[in-house]
Each structure stands twice: as structure tokens, then as C-alpha cells.
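K.L.:
A structural model of the following input is requested.
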Amino acid sequence: MSNTLIVFHRCGGKSLGYPPNTLLTIKWALSYGAKAIEYDIVFCEDNNKDKIIVVEPKVLKKANLDINNLKWQNVLKLNAGNDKFGYQKVPELEEVLGSAPDIHHQIHIKGNHPQTVSTLLQKLEEKSNFVITSFDIQILKQIKKINNIVRVGWLVKPKQERRNEGLTDLTALVTANPEALPTYSLDELNKILNQAKVNLIDIVILCAPRIKEKIIVDTVKKNQIECGAWGVGTNIVIAKRLIDYNIDRFTIDNPEELI
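P.N.:
Residues are numbered from 1 along each chain as shown. Below is the predicted model:
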């Protein structure tokens, strides 16, 4: 039996048409038996009060809102739902944590507002069932400086893709042609691991289409670092390959199709 933790990316349910990063989809994930959910968070200001909201970046992009300068009065006007399931509000982090208290939360930081980290850690003070992830290792370094007990996961961005991931769907980009991405060389992997150790990274989260050999997963684990993957998207072939490699965790959009 595999020990891999299947993390419902943006709360999962994509093949069923569920809107990502919403309370509705979290409710579905729980009913489906999810052990872990992943969602995107950003900082939001409300009359000088600091909020952390859970939101699908495409919703912000569609509304022409600046991800690094969000005001609560504008967020309240957003519809995070879709035609199939109707209107859904953008929830605050506290609502999401309260809606799924007994499973693991993989909390992914979006944007680069300077108050995101301190506000997020403050709201997570009484929690333990979470990990914070980012593509930006400097953000994770900042987290560890404030509280080195908090577990963090570094999503390693392919050198081939240098675009900002704030409002860009990097998963869509790397899964458009996954076979075109080269496998990790051991030299490249060792450089990644050395950087992870220096910055006290708990989980190295590699680009899934680039994990083409089991030795990649084994090498990460031998260095006493948890091995994860991002960028599976809806690719069931890649998902099953990662499970066969006994990877520690990975995110997937459509876990309901992974039989």
C-alpha cells in the first residue's frame, strides 16, 4: 500500500466542474474522503485590518484586481463560483480552516505583499495540521526566521519557466507538453537539495513532469527531506507514476479520477 499523500489541488473536483478554492469544493472534498487539500491564499486589507483570504487567482485576474493590493470591499463583490454551481463567496482563511479541521492543509502563498507572512502565521498560531508552500524560497526563509517550527514546502520552478506565478497558472504551462520537460539530473537535484538544507526547507516539491525516474524521489528522501510534486494537473499517468515511486505527496486537480 502506498504511503503517498494525495493532496486535492485547489480542493480538487475539476472533472466534476467544482469551482476551485471555495468552501463548496472543500465540502465535496471532505465527502469524497480527502485527507489533504491545497488552496491559494493572499493578503487583503479591510479598514486597516489584516485578512488572509482563500481565492482562485483567475477570479482576481478576471476582475482586474491587483493581487498585491486587495481591498475587502472589492473582494466582497467577487463571485468565486461558476455557471454549474452558481455564486460562491471568497472565504477568509479562518472559514476554510474551520470547515476542514481534521485534515491536512497545504497553504500556498500567492502574491508578494510584505504583510502576508506575518499575518498568515498569526492566524495559524493555534493550528498544527498544515504546511505553507511557495515558489519563492525567500518567503519560506522569512517564515523560518519568524518561526522555525512551522513546516514549509518549496515548489521548485523549472528553469525553463521564469514567469511570475502570482496570476499565471504554472501547472497549466508545464502540463501542456509534459514529455518535453527533461528529467532532473542528479547534479541539478543535489544543488536543489543543498539550497533546501541551507534554508531549512521541510518538503522539496519538484515539478511532476520532470520526475521521470524513481531515483529522484529516493535521493530527496535519503537527504532526510520530504519529497513532493506539483504540476500533475489532470494527468493520471503522471499521478500513478509518482505513487509507484512512493513519493511522499503530490497535488492533483482531479483526484476523483485517480482510481
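K.L.:
close enough to count as contact, His113 and Phe43?
P.N.:
Yes - contact criterion C-beta atoms under 8 Å: His113 and Phe43 qualify, at 4.0 Å. In this view, the C-beta of every residue, glycine as well, is placed from N, C-alpha and C.
K.L.:
Could you tell me which residues touch both of those two?
P.N.:
Asn68 (C-beta atoms under 8 Å, 6 or more residues apart in numbering).
K.L.:
who has more neighbours, these two?
P.N.:
A direct count of neighbours by other C-beta atoms under 10 Å for His113 and Phe43 places Phe43 higher, at 24 against 19.
K.L.:
what about the stretch 1-150 of the chain, any weak spots by pLDDT?
P.N.:
The model of the stretch 1-150 of the chain has pLDDT under 70 over residues 1.
K.L.:
Would you state the helices of it in chain order?
P.N.:
Secondary structure of the stretch 1-150 of the chain, counting by DSSP state H, counting those that start in this stretch: helices at 23-32, 57-62, 72-75, 93-99, 116-123, 137-146.
K.L.:
any chance of those helices in TSV, plus distance to Asp169 and mean neighbour count?
P.N.:
TSV is the format used below for the helices of the stretch 1-150 of the chain (distance: least, C-beta to C-beta, whole Å; neighbours: other C-beta atoms under 10 Å):
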stretch	distance to Asp169	mean neighbour count
helix 23-32	17	18
helix 57-62	7	17
helix 72-75	20	16
helix 93-99	21	16
helix 116-123	20	18
helix 137-146	19	16
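K.L.:
would you turn the ones you listed into JSON lines with distance to Val156?
P.N.:
Shown next, in JSON lines, are those (distance: least, C-beta to C-beta, whole Å):
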{"stretch": "helix 23-32", "distance to Val156": "26"}
{"stretch": "helix 57-62", "distance to Val156": "20"}
{"stretch": "helix 72-75", "distance to Val156": "30"}
{"stretch": "helix 93-99", "distance to Val156": "25"}
{"stretch": "helix 116-123", "distance to Val156": "20"}
{"stretch": "helix 137-146", "distance to Val156": "9"}
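K.L.:
what packs against the longest strand anywhere in the chain?
P.N.:
Ranked by number of residues, the top strand in the chain under DSSP state E is strand 36-46. For strand 36-46, the elements it packs on are strand 5-8, helix 23-32, strand 49-54, helix 72-75, strand 104-109, helix 116-123, judged by 3 or more C-beta pairs under 8 Å, 6 or more residues apart in numbering; DSSP states H and E.
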